[in-house]
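Asks: Dropping a prediction and its sequence here:
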Amino acid sequence: MSAPAFKRTCMRDHIRDVLVVRILDGTYAAGTQLKELSLAREFNVSQAPIREALRELEGSGLVTCERYRGTRVRGADFAEMRESYELRTMLEVRAVELAAPFPAPVLAQLETHLRHMTAAARGDDPEHYIDEALRFHRRLVEASGNRTFLAVWDSLHWEVRGRIALRRIAARGSGLAPFIGMHETLLACLRAQDVARASESLRTVFAYVSGAFTSPEPVSQV
């Protein structure tokens, strides 16, 4: 890849990630029109990386692009957030099935991530917790050896979705402590190469997270 092409790809990824955050945290409400020229001026780039970023967002369902009407934010409602976690559950359960039996180096990496998650939870540091939790779960998917699974997992922007869920859970006063016990159980099942129980542990984790999206208010009001 040439240097200009590489630079444009990096800029596209940066723009895409910024737009995803703005959509999912409610900065851009549903129906907001995203104008290529305005965004190009804001990011000080040509319209090409803006167009490419918007195309990726359209693929993830966060925006809609209509001829002559431009690009508008579709938004993310509670039903969509719950559905995304249903997909994540299916993806990670199947990844665990494919990865078993888990080799010792992978288990050691998962244990390190869990240790950091525990320290973050005890230190009331949700940002560090979500970083390590995402590394933990991405490693599960990566261990499956299925590159398509990993690409789909990455495309769903779990860093943003996870942070939205954690803010809602923290607001209810339950904190992060319950997640540690769930992940300790999950890791114990993986060490024992007990795929059935590990799968059930994953379902428990994501059912708990999905519970953050049971009230009728829109995500943008989080």
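Replies: That came in fine, so what should we check first? Numbering: from 1, shown residues only.
Asks: so what's the residue nearest the centre of the chain closest to, chain neighbours aside?
Replies: Residue closest to the mean C-alpha point of the chain, counted by Cα atoms, centre = their mean, is Trp158 at 0.5 Å. Nearest non-adjacent residue to Trp158, counting by Cβ to Cβ, 6 or more residues apart in numbering: Leu134, 5.8 Å away. All C-beta spots, glycine's among them, are computed from the backbone N, C-alpha and C.
Asks: Just the pLDDT at the residue nearest to the centre of the chain, thanks.
Replies: Listed pLDDT for Trp158 reads 83.
Asks: average pLDDT across stretch 62-69?
Replies: 86.
Asks: Below-threshold pLDDT in the chain: ranges please.
Replies: Applying pLDDT under 70 to the chain flags the ranges 1-9, 75-77, 170-174, 215-222.
Asks: Most remote residue from the middle of it, which is it?
Replies: Centroid-distance maximum for the chain: Tyr68 at 31.9 Å, with Cα atoms, centre = their mean.
Asks: need the contact list for Gln109.
Replies: Arg139 (Cβ atoms under 8 Å, 6 or more residues apart in numbering).
Asks: now swap in Leu166 and tell me
Replies: By Cβ under 8 Å, 6+ apart, the contact set of Leu166 is Pro126, Tyr129, Ile130, Leu176.
Asks: how many neighbours does the third one have?
Replies: Counted with other Cβ atoms under 10 Å, the burial measure for Ile130 works out to 20 neighbours.
Asks: tell me which residues of whichever strand or helix holds it are tucked away?
Replies: If you go by DSSP states H and E, Ile130 is part of helix 126-143. Within helix 126-143, the residues scored as buried using 16 or more other Cβ atoms under 10 Å are 126, 129-143.
Asks: Quick one: the strands in this protein, in order.
Replies: Using DSSP state E, the strands of the chain run over residues 33-34, 63-66, 70-73.
Asks: The shortest one packs against which elements?
Replies: Right, strand 33-34. strand 70-73 (3 or more Cβ pairs under 8 Å, 6 or more residues apart in numbering; DSSP states H and E).
Asks: Give me the distance from the strand it packs on to the chain's centre.
Replies: What separates the centre of strand 70-73 from the centre of its chain is 22 Å, taken as Cα atoms, centre = their mean, to the nearest Å.
Asks: now swap in stretch 131-143 and tell me
Replies: With Cα atoms, centre = their mean, you get 11 Å for stretch 131-143.
Asks: got it, and stretch 159-170?
Replies: So, by Cα atoms, centre = their mean, the centroid of stretch 159-170 is 10 Å from its chain's centroid.
Asks: now stretch 34-45
Replies: With Cα atoms, centre = their mean as the basis, stretch 34-45 stands 25 Å off its chain's centre.
Asks: Dump it to CSV, restricted to CA.
Replies: Taking C-alpha atoms only, stretch 34-45 is exported to CSV below (Å, rounded to 0.1, in the frame of the first residue of the first chain):
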residue,chain,number,x,y,z
LEU,A,34,-24.3,13.9,7.9
LYS,A,35,-22.9,16.1,5.2
GLU,A,36,-19.7,15.0,3.5
LEU,A,37,-18.5,18.5,2.8
SER,A,38,-19.1,19.7,6.4
LEU,A,39,-17.4,16.7,7.8
ALA,A,40,-14.4,17.1,5.4
ARG,A,41,-14.0,20.6,6.6
GLU,A,42,-14.2,19.6,10.3
PHE,A,43,-11.6,16.8,9.9
ASN,A,44,-9.5,18.8,7.4
VAL,A,45,-9.5,16.1,4.8
